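1. Below: sequence and its predicted model.
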Amino acid sequence: MSASSVDQQPGNGREPAQLTALLYAMRVWRTKVRHIADPVEPTGQLTAAGRAERAGLDQSQRDQVVRQVAGLDSSWRETVLNPLRAADDGTLQWCGFHVRQPDQTACVPTVLAVQSARGNIALALWLVSGIDTIGIETQLRKVVRDSLPASSSNHDEPQGGEAGSHQAQIAARFGALVRYFQFRATHRGRVRLWPRAWGTPPWGAARVARYGQYRFTSRLVNDLAADSVKRVVGAAVVAADRGVPSVLYVGGDSSTKYRDAVPRHAILLHSSDGAGLAVFEPSAGRIIPVAPEELARSGGPRQAYAGWSHIGWAVVPVQPDV
């Protein structure tokens, strides 16, 4: 899935159609979403200890992560504490590495990787520094095998070393994490309801998405129906305001091409340090502010949607049973 194509075709005079609007009219996947109830402090305002506790790490893991984060260079530490903080130009940069999807079909696993890094400080620490405190590489090598850097079990080169080398190490680790999510979200079961050309299905993304103690569910959105927007997109907004990002699938309608009338891309809705809503748009690798009312209406192409115009599906958190 990718950003909207520029070779759009004019409409044919018919009312624009959307796959998700059709499924909604057929009462497919029209299930309720329970808003998460926890008054969560914005992750960007948490200390390393608070983020480690939020991630569900045990006490020894927390202590180790806190010690390692305290020993990082200030710019590295800031990135680990908030992997969704935008650079001055609006791009998402991790110590000079521009975070964006590596290919046209990797938007969903890219936002899942960024979401997980925001929710698990041990994962963010590994991505930025190479320090693995919880056995991340062991899990990744079961899927991605030889795509990890040859030496990343302890620490990258000294922080005053060559910047390009450090950025290449981050790129290799992030690429491995994206491929891990892509494999896990698309390889399960014998029945394929979602064409491979469409990328990662929302239920596959929901199955593997994690944010601390939260698990996720996928829900269809018809953004032409107010009740659907209020129920599903509203749940994503509530979750983002409380510190838990959600994945939104976006696409177009048949006014351009019929193949555009399905979910074509994915973005990550989150709260920008409690200062308002924003999305991470992975094709451009940018953090783009959005308003709740903008999410509540359908319309023309939008920068936050990578040029698409409709929300078609959402992967939102569910209240944990704790």
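-> Arrived safely.

2. For the helix or strand hosting Ala266, which helices and strands make contact with it?
-> Using DSSP states H and E, Ala266 sits in strand 263-271. In terms of contacts (3 or more CB pairs under 8 Å, 6 or more residues apart in numbering; DSSP states H and E), strand 263-271 is packed against helix 107-119, helix 234-241, strand 246-251, strand 277-281. Using the backbone N, CA and C atoms, a C-beta is placed for each residue, glycine as well.

3. Give me the contact list for the shortest one.
-> The contact list for strand 277-281 (CB atoms under 8 Å, 6 or more residues apart in numbering) reads 84, 86, 92, 111, 114, 237, 240-241, 248, 267-272, 286-292, 295, 303-306.

4. Name the strands paired with that strand and say parallel or antiparallel.
-> Using DSSP bridges, the strands paired with strand 277-281 in its sheet are strand 263-271 (antiparallel), strand 286-289 (antiparallel).

5. worst average pLDDT in the ones you listed?
-> Mean pLDDT values for the strands paired with strand 277-281 show the minimum at strand 263-271, a mean of 89.

6. Could you export that strand as CSV, CA atoms only?
-> Output in CSV follows, covering the C-alpha atoms of strand 263-271 (Å, rounded to 0.1, in the frame of the first residue of the first chain):
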residue,chain,number,x,y,z
PRO,A,263,-8.0,0.8,1.7
ARG,A,264,-4.7,1.7,0.0
HIS,A,265,-2.4,3.1,2.7
ALA,A,266,-2.0,3.2,6.5
ILE,A,267,-1.1,6.0,8.9
LEU,A,268,-0.5,6.1,12.7
LEU,A,269,-2.8,8.4,14.8
HIS,A,270,-1.2,9.6,18.0
SER,A,271,-1.1,12.5,20.4
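
7. ok, which stretches of the stretch 101-250 of the chain are helices?
-> 107-119, 121-129, 136-141, 163-186, 202-208, 226-228, 234-241 (DSSP state H, counting those that start in this stretch).

8. out of the ones you listed, nearest to Ser218?
-> The closest of the helices of the stretch 101-250 of the chain to Ser218 is helix 202-208. By CB to CB, the value is 3.8 Å.

9. Show me what that closest one is packed up against.
-> Counting by 3+ CB pairs under 8 Å, 6+ apart, helix 202-208 packs on helix 107-119, helix 163-186, strand 215-220, strand 246-251, strand 310-318.

10. Adding distance to Trp76 and mean neighbour count as columns, could you present these in a markdown table?
-> Formatted as a markdown table, the helices and strands packed on helix 202-208 follow (distance: least, CB to CB, whole Å; neighbours: other CB atoms under 10 Å):
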| stretch | distance to Trp76 | mean neighbour count |
| --- | --- | --- |
| helix 107-119 | 13 | 28 |
| helix 163-186 | 9 | 19 |
| strand 215-220 | 29 | 21 |
| strand 246-251 | 27 | 27 |
| strand 310-318 | 28 | 26 |
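
11. Of all these, which one comes closest to Val128?
-> Using CB to CB, the nearest of the helices and strands packed on helix 202-208 to Val128 is helix 163-186, at 6.5 Å.

12. So what's the residue count around the residue nearest to Glu137 when sequence neighbours are not counted?
-> Among residues not flanking Glu137 along the chain, Leu148 sits closest, at 6.1 Å (CB to CB, 6 or more residues apart in numbering). By other CB atoms under 10 Å, 20 other residues sit near Leu148.
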